[in-house]
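Chemist: Need coordinates for the below:
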Amino acid sequence: MTNNEIGLIFFTALIVVLVSRIILLIIVYRKKEKLLKILTFDYVLQLHSDAGLDWDTLSIVLIYVRQRIKELT
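Modeler: Got it, this is the predicted structure:
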């Protein structure tokens, strides 16, 4: 395995963990108001520092999560 393959596997796993963490929040908090309060700027900063993602990737993940929230509510 090359470094690129290892990096891709790590990045994919990181995204899966991040998205599954947010989806668990969706399951626990079904109401849209509560979810939008959770996805505040402080929470985004925590995700940014925990996952080590750059802002572009993090914004794509959050856009996806907000779309899923709208579909579920």
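Chemist: burial count for the residue nearest to Ile15 when sequence neighbours are not counted?
Modeler: Closest residue to Ile15 apart from its sequence neighbours, by C-beta to C-beta, 6 or more residues apart in numbering: Val61 at 6.9 Å. For every residue, glycine as well, the C-beta is placed using N, CA and C. Neighbourhood size, Val61 [other C-beta atoms under 10 Å]: 18.
Chemist: repeat for the one 3 residues further on
Modeler: Residues contacting Tyr64 under the criterion other C-beta under 10 Å number 12.
Chemist: Return the set of buried residues in stretch 18-26.
Modeler: For stretch 18-26, burial by neighbour count (16 or more other C-beta atoms under 10 Å) applies to Leu18, Ile22, Leu25.
Chemist: Out of the residues you listed, flag the one nearest to Lys70.
Modeler: Closest approach to Lys70 among the buried residues of stretch 18-26 (C-beta to C-beta): Ile22, at 13.8 Å.
Chemist: Was I right to think that closest one contacts Val65?
Modeler: Yes: if you go by C-beta atoms under 8 Å, Ile22 and Val65 touch, sitting 4.8 Å apart.
Chemist: Thank you, goodbye.
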